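> when you get a sec, could you give me coordinates for this:
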Amino acid sequence: MKVALITGAAQGIGQRTSEVLAERGFALALNDLRSPSETVARARQQGVRAIEVLGSVADEAAVERMADTVLQEFGRIDVLVNNAGISSIAPAEETTTEEWRRVMEVNLLGPFLCCRTFGRIMLKQRSGSIVNVASVAGLLGVADRAAYNASKHGLIGLTRTLSAEWGGRGVRCNAVCPGWVKTPMDDASQGAGFYQDTDIINRVPQARFATPDDIAQAIAFLADPAQSGFVNGHTLSVDGGWASDGSWESLRIKHR
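Numbers count the residues shown, from 1 in each chain. Below is the predicted model:
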């Protein structure tokens with residue numbers, strides 16, 4: 001039995017990743033702040049075991065409880081997907097210390113706590129795969145997102161460091177860097193008037209948003225040692241070419 005823990009599993013990328021891993025036969029521990037009951041139900045429809053492990057990833061005691069529950073229920077952990085994250089959109093000079101700390105706690109401290117806690121189990125097993133969901137904003141600078149960008153740059157740094165430390169003991173660590181994805185987080189940002197669909201579509205060479213499935217399939221690839229067993233410390237961009245394209249908008253659209 002293969003076991004995966006997915007954080008932020010109640011919606012969006014986390015929910016779709018849960019479905020994809022369930023289709024591949026993984027038993028699932030699904031984390032979020034609120035009950036991911038719909039995600040649990042969808043996983044069970046695939047005939048796999050699925051449980052809830054609620055709590056904030058930024059709470060050390062909560063992460064320890066999650067690990068205890070996973071071990072009691074399944075006896076092992078094969079895949080950790082650090083997907084939980086929050087957005088923050090504000091000019092750097094207007095970003096408060098409180099907001100900076102809030103973003104760092106969820107987006108960077110949380111994945112570290114999960115990596116450390118579940119990584120210890122994987123190291124004892126001498127096997128496991130960690131997939132951190134970073135962002136194209138962890139590779140580039142995107143204006144008005146100083147805290148968010150810094151947290152995702154840091155998550156990529158954490159990924160590379162753990163790959164160096166743990167690869168020789170059977171634990172791989174990789175990152176997925178999504179471009180803009182159609183999720184409830186995007187809906188909230190657009191609802192607040194920060195950008196519109198055309199801002200993203202005109203920037204992406206493939207001329208569309210990513211879907212949660214685009215990201216989930218990449219995560220599943222990195223989770224599976226049969227497909228990616230010698231991939232370690234890699235940052236996989238799933239952004240439709242965003243980070244590769246230095247064209248200006250009229251030049252980019254000219255070639256469609």
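
> so in this structure, which strand runs the longest?
In the chain, with assignment by DSSP state E, the single longest strand is strand 171-178.

> for whatever helix or strand comes next after that one, what is the distance to the chain centroid?
Under the assignment DSSP states H and E, the closest C-terminal helix or strand after strand 171-178 is helix 184-191. Offset of helix 184-191 from its chain centre (Cα atoms, centre = their mean, to the nearest Å): 17 Å.

> for stretch 176-189, same thing?
11 Å.

> show me what the longest strand of the chain is packed against.
Applying 3 or more Cβ pairs under 8 Å, 6 or more residues apart in numbering; DSSP states H and E, one finds that strand 171-178 contacts helix 110-125, strand 128-133, helix 146-166, helix 212-223, helix 225-228, strand 235-238. (C-beta placed from N, C-alpha, C; glycine too.)

> winner for burial among these?
Most buried of those by mean neighbour count (mean count of other Cβ atoms under 10 Å) is strand 128-133; its value is a mean of 27.

> the longest strand of the chain vs helix 212-223, what angle?
Here strand 171-178 runs at 160 degrees with respect to helix 212-223, directions being taken by axes from the mean of the first three to the mean of the last three Cα atoms, to 10 degrees.

> OK, contacts around Gln11?
For Gln11, the contacting residues are Thr183, Pro184, by Cβ atoms under 8 Å, 6 or more residues apart in numbering.

> and with 6 Å instead?
Contact analysis of Gln11 by Cβ atoms under 6 Å, 6 or more residues apart in numbering lists Pro184.

> before we move on, what about the one 4 residues further on?
With contacts defined as Cβ under 6 Å, 6+ apart, the neighbours of Gln15 are Thr39.

> which one of the helices and strands packed on strand 171-178 lies nearest to Gly191?
helix 146-166 (17.4 Å; Cβ to Cβ).

> hmm, back to that, how far is the longest strand of the chain from where the chain is centred?
The answer for strand 171-178 is 9 Å, by Cα atoms, centre = their mean.

> what angle separates that strand from helix 110-125?
Relative orientation of strand 171-178 versus helix 110-125 (the same axes, to 10 degrees): 150 degrees.

> how far off helix 146-166 does strand 171-178 point, in degrees?
If you take the same axes, to 10 degrees, strand 171-178 sits at 150 degrees to helix 146-166.

> strand 171-178 pairs with which strands, and in what direction?
strand 128-133 (parallel), strand 235-238 (parallel) (DSSP bridges).

> how about a markdown table for the ones you listed, with mean pLDDT and distance to Gly193 added?
Output for the strands paired with strand 171-178, formatted as a markdown table (pLDDT from 0 to 100; distance: least, Cβ to Cβ, whole Å):
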| stretch | mean pLDDT | distance to Gly193 |
| --- | --- | --- |
| strand 128-133 | 98 | 26 |
| strand 235-238 | 98 | 26 |
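
> want to throw the ones you listed into a markdown table with distance to Trp180?
Below are the strands paired with strand 171-178 laid out as a markdown table (distance: least, Cβ to Cβ, whole Å):
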| stretch | distance to Trp180 |
| --- | --- |
| strand 128-133 | 14 |
| strand 235-238 | 11 |
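
> nearest to Ile219, out of those strands?
Minimum separation from Ile219 across those (Cβ to Cβ) falls at strand 128-133, 5.0 Å.

> can you list contacts of the closest one?
Outside strand 128-133, the residues touching it (Cβ under 6 Å, 6+ apart) are 78-83, 111, 115, 122, 155, 159, 171-176, 219, 222-223.

> can I get it in CSV, CA atoms only?
C-alpha atoms of strand 128-133 as CSV (Å, rounded to 0.1, in the frame of the first residue of the first chain):
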residue,chain,number,x,y,z
GLY,A,128,9.9,8.5,0.0
SER,A,129,9.1,11.4,-2.3
ILE,A,130,8.4,15.0,-1.2
VAL,A,131,6.8,17.4,-3.7
ASN,A,132,6.6,21.1,-2.8
VAL,A,133,4.2,23.2,-4.7
